[in-house]
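A.B. asks: got a predicted structure plus its sequence, pasted below:
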Protein chains: 2
Amino acid sequence: MPVYLDHNATTPLDARVREAMLPYLGEIYGNPASPHRFGRATRMAVDEARERVAALVGAAPQQVVFTGCGTEANNLALLGAAAHLPPGPVAVSRIEHPSVLEPARRLEARGRPVLWLEVDGEGRVRPESLDAALAQGARLVSVMLANNETGVIQDVAALARRAREAGAVVHTDAVQAAGKIPVDFPALGVHLLTLSAHKLHGPQGVGALVRDRALELEPLLVGGGQEEGLRSGTLNVAGIVGFGTAAALAADELATRAARMRALRERLERGLARLDGVRILAAGAERLPNTVMAGVAGVESETLLMALDRAGYAVSSGSACHTGKTEPSHVLAAMGVPPELALGSIRVSVGKDTTEADVDGFLAALAGALDSLRRGAVGA
Amino acid sequence: MPVYLDHNATTPLDARVREAMLPYLGEIYGNPASPHRFGRATRMAVDEARERVAALVGAAPQQVVFTGCGTEANNLALLGAAAHLPPGPVAVSRIEHPSVLEPARRLEARGRPVLWLEVDGEGRVRPESLDAALAQGARLVSVMLANNETGVIQDVAALARRAREAGAVVHTDAVQAAGKIPVDFPALGVHLLTLSAHKLHGPQGVGALVRDRALELEPLLVGGGQEEGLRSGTLNVAGIVGFGTAAALAADELATRAARMRALRERLERGLARLDGVRILAAGAERLPNTVMAGVAGVESETLLMALDRAGYAVSSGSACHTGKTEPSHVLAAMGVPPELALGSIRVSVGKDTTEADVDGFLAALAGALDSLRRGAVGA
């Protein structure tokens, strides 16, 4: 039985989420925009899911805009907010997900400068870098709540306070944080926050942007005017119901899931510490309870991943979106991780159902793979 | 048991599609971008679905870009193609879906004039209107294959030939046509074609843009670079698998479904012809086998719809996206339908599983509703 340790790439659908979705993949159908009883039944289901997603982050249901994925929500946040802001730069951390970095580059191509916020050696955004950007008139700031590669948690509340005082709009990508640590939209003090269902045991194909309703947003997708005109397109009822259920379960079980994952992560880290030439990256920073990024000397990530895959263990190097490339990840590069460690880095992300046996088996497989790869390298 | 006669708004998920999706909502999971076995299993499923969706329209798999809905595909077609075209107008028919009309208006706001193609009294685009637009230098033409409200089928192949000869890029929205009439991407001669899964008994939340690969497109959603960079965002594996299965079934069963629906439509139209003050709109045009738009004198659509809903019959007035408004639909207005008929219009769209009893019951309910509404109106 292969072991999945790549939960930051996507999570298996929770069986309870699947049960909640099934009626909407069967006897209950309709377009939520239709006024008749078929439409009403699906509209009610969407309304309930909206409440549950909002509740996960302490927001009101009317603040939730459903999208087709987290990437769409991140694009809507940056491009949609910038469209209504006066000229001036945007400030984006160097370690954001590509779905934030690329919209920022698009804004740059359209004439809005991007100020890149630097991180320290532990992957934490440097507050003085934000201050400098605000002093240069940054209108929009985007800093993720937790990094997908390292798991490093940013002090978004403190950064948002500085940015708001300077009059900037603040977005945070909470895709990796939600379901793993408490996420409180009002307490974070941001204007915009991104979520994705499939990172918290919900279905792929649904995301959400939570918004301060006082902020003007230009929609990316226009047409029928769904989601108060902010996201046209027929609502994905089953997917949204699944997102709502996944959000409710994540909220209910947050403490137990987090404690369980943290214990597994610590077990994993103790095991990794016993291996030669392996270093936990960003070990000094506050991190997600489920994520370990380890730099491994003397091997190439892709080779190591394939050896682990053959042994039945699925992990990642950097984010799933980057696979296939051989450069060090932009996150590790921004942290100043030496290339020899970064090029051999692997990310292990446990899930709510990962077991101690999974972790122990992985450690043994890794030790074996390193041994044979390094011996091969010596022989070569 | 309420009867659903609103298949142009959305269709129930086919039980066989659901069966095909279930493994991907359960034991098979992964991010198709991941190189390990979990990623490969989902990537293979996506590849197979891509072949099936392509086959439905006679295209190659590499021509299919999966999106989050038909609206997104229409937005990508217009905004994405226009971004790479020299200055010059776009030509769009007056009867397009809002997900084409609104991107056209957005292009207009950005400085690219829109030339509106007129239709005749039967809802067919006037070729001379296209010729005039091409003479004015139209760079991009969008004409739907079949209209969602009236079911009128356009001669897209002929229109595309004229447009191509003039050097214009051609898009067709085939969302309502696919699964009801043959759709052949190469024979139509268009550069871009939009599909949506939930209109052909597939899941909500998945669409596709089929494209001529020689055409440059600017993506709407940027980030991880999925779909050859044309649509970033984690792929919705279960939804895409469902789309593939729905497409394969639609292709296999097209002739029998169409014949069955056509017989029901004719039965329905014979019944409607016996009612006072009811006129089939666009009756003289070639139409989808499943769609009837009827103008009804002396009543308001919304009141009639609610009466029919109480009687257990779900139909629509105009497209689902317009519900709640009381103006005549833009489609009927463009056709020059007299307001007194347009304001009382109802759309009946049968499906592959609709029965004669459903149609007969609907006709009886309509006769009853008209009788009591008109008597009420006389008494008022």
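C.D. replies: Looks like it arrived, so ask away.

A.B. asks: C-alpha only now, for contacts and for neighbours.
C.D. replies: Noted.

A.B. asks: against chain B, how distant is A:Met44?
C.D. replies: According to CA to the nearest CA, to the nearest Å, A:Met44 stands 16 Å off from chain B.

A.B. asks: if you could redo that for A:Val57, that was the one I meant.
C.D. replies: 22 Å.

A.B. asks: now do A:Met21
C.D. replies: According to CA to the nearest CA, A:Met21 stands 10 Å off from chain B.

A.B. asks: please apply the same query to A:Gly368.
C.D. replies: 18 Å.

A.B. asks: where along chain A do the helices fall?
C.D. replies: A:15-21, A:37-56, A:70-75, A:81-82, A:98-109, A:127-135, A:156-165, A:185-188, A:237-273, A:301-310, A:330-335, A:339-342, A:356-379 (DSSP state H).

A.B. asks: and these, which is most packed in?
C.D. replies: Counting by mean count of other CA atoms under 10 Å in any protein chain shown, helix A:70-75 has the highest mean neighbour count of these, with a mean of 31.

A.B. asks: can you pull the domain assignment for chain A?
C.D. replies: By the assignment in automatic domain parsing, chain A contains the domains A:3-9+A:255-379, A:15-250.

A.B. asks: what's the offset of the shortest one from the middle of its chain?
C.D. replies: In this case it means domain A:3-9+A:255-379. Here domain A:3-9+A:255-379 is found 18 Å from its chain centre; the criterion is CA atoms, centre = their mean, to the nearest Å.

A.B. asks: rewinding a little: I'd like the helices of chain A as CSV, with mean pLDDT appended.
C.D. replies: Shown next, in CSV, are those (pLDDT from 0 to 100):
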stretch, mean pLDDT
helix A:15-21, 98
helix A:37-56, 98
helix A:70-75, 98
helix A:81-82, 98
helix A:98-109, 98
helix A:127-135, 98
helix A:156-165, 98
helix A:185-188, 98
helix A:237-273, 98
helix A:301-310, 94
helix A:330-335, 95
helix A:339-342, 88
helix A:356-379, 89
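
A.B. asks: any chance of JSON lines for these, columns distance to B:Ser129?
C.D. replies: Conversion of these to JSON lines gives the following (distance: least, CA to CA, whole Å):
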{"stretch": "helix A:15-21", "distance to B:Ser129": "47"}
{"stretch": "helix A:37-56", "distance to B:Ser129": "37"}
{"stretch": "helix A:70-75", "distance to B:Ser129": "37"}
{"stretch": "helix A:81-82", "distance to B:Ser129": "38"}
{"stretch": "helix A:98-109", "distance to B:Ser129": "36"}
{"stretch": "helix A:127-135", "distance to B:Ser129": "53"}
{"stretch": "helix A:156-165", "distance to B:Ser129": "53"}
{"stretch": "helix A:185-188", "distance to B:Ser129": "52"}
{"stretch": "helix A:237-273", "distance to B:Ser129": "39"}
{"stretch": "helix A:301-310", "distance to B:Ser129": "57"}
{"stretch": "helix A:330-335", "distance to B:Ser129": "52"}
{"stretch": "helix A:339-342", "distance to B:Ser129": "61"}
{"stretch": "helix A:356-379", "distance to B:Ser129": "67"}
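
A.B. asks: quick one: which of the ones you listed is nearest B:Ile346?
C.D. replies: B:Ile346 sits nearest to helix A:37-56 of all these, at 16.2 Å, using CA to CA.

A.B. asks: measure how far the closest one is from the centre of its chain, please.
C.D. replies: On CA atoms, centre = their mean, the centre of helix A:37-56 falls 24 Å from the chain's centre.

A.B. asks: for it, packing partners?
C.D. replies: Here helix A:37-56 is seen to pack against strand A:64-67, helix A:237-273 when contacts are counted using 3 or more CA pairs under 8 Å, 6 or more residues apart in numbering or on different chains; DSSP states H and E.

A.B. asks: what's the angle from the longest one to helix A:356-379?
C.D. replies: Okay, so that is helix A:237-273. Between the axes of helix A:237-273 and helix A:356-379, defined by axes from the mean of the first three to the mean of the last three CA atoms, to 10 degrees, the angle is 60 degrees.

A.B. asks: who's in contact with A:Glu72?
C.D. replies: Counting by CA atoms under 8 Å, 6 or more residues apart in numbering or on different chains, A:Glu72 touches A:Ser99, A:Gly207, B:Leu221, B:Gly233.

A.B. asks: which one of the helices of chain A lies closest to A:Ala214?
C.D. replies: helix A:81-82 (11.5 Å).

A.B. asks: isn't A:Ser316 right next to A:Gly344, touching?
C.D. replies: No. Contact between A:Ser316 and A:Gly344 fails when scored by CA atoms under 8 Å: they sit 11.0 Å apart.

A.B. asks: B:Ser93: which of the helices and strands packed on helix A:37-56 is closest?
C.D. replies: Comparing the helices and strands packed on helix A:37-56 by CA to CA, strand A:64-67 comes nearest, at 28.0 Å.

A.B. asks: run through who's touching that closest one.
C.D. replies: With CA under 8 Å, 6+ apart as the test, strand A:64-67 has contacts from A:50, A:53-54, A:73, A:206-211, A:227, A:230-231, A:240.

A.B. asks: cool, stretch A:364-380 as well?
C.D. replies: A:Leu275, A:Gly298, A:Val299, A:Leu304, A:Ala307, A:Leu308, A:Ala311, A:Tyr313.

A.B. asks: excluding residues flanking it in the chain, which one is nearest the third one?
C.D. replies: Excluding its sequence neighbours, the residue lying closest to A:Val299 (CA to CA, 6 or more residues apart in numbering or on different chains) is A:Gly344, at 5.3 Å.

A.B. asks: what distance do you get for A:Ser317 to A:Asp131?
C.D. replies: 32 Å (CA to CA, to the nearest Å).

A.B. asks: got the contact list for the residue nearest to A:Val299?
C.D. replies: Contacts of A:Gly344 by CA under 8 Å, 6+ apart are A:Gly295, A:Val296, A:Ala297, A:Gly298, A:Val299, A:Glu300, A:Ser301, A:Glu302, A:Leu304.

A.B. asks: within range of chain B, give me the residues from the stretch 151-300 of chain A.
C.D. replies: A:203-205, A:220-226, A:232-239 (CA under 8 Å from any CA of the partner chain).

A.B. asks: would you confirm that A:Ala9 contacts B:Asn31?
C.D. replies: Yes. Using CA under 8 Å, A:Ala9 is in contact with B:Asn31, at 6.2 Å.

A.B. asks: scan the contacts of A:Glu72 and report the most crowded one.
C.D. replies: A:Gly207 (29 neighbours; other CA atoms under 10 Å in any protein chain shown).

A.B. asks: residues contacting it?
C.D. replies: Contact analysis of A:Gly207 by CA under 8 Å, 6+ apart lists A:Phe66, A:Thr67, A:Gly68, A:Cys69, A:Gly70, A:Thr71, A:Glu72, A:Ala73, A:Thr194, A:Leu195, A:Ser196, A:Ala197.

A.B. asks: what's the closest of these to A:Arg162?
C.D. replies: Relative to A:Arg162, and with distances defined as CA to CA, the nearest of the contacts of A:Gly207 is A:Thr194, at 20.3 Å.

A.B. asks: wait, that closest one sits on A:Leu209?
C.D. replies: Yes. Counting by CA under 8 Å, A:Leu209 is a contact partner of A:Thr194 at 4.8 Å.
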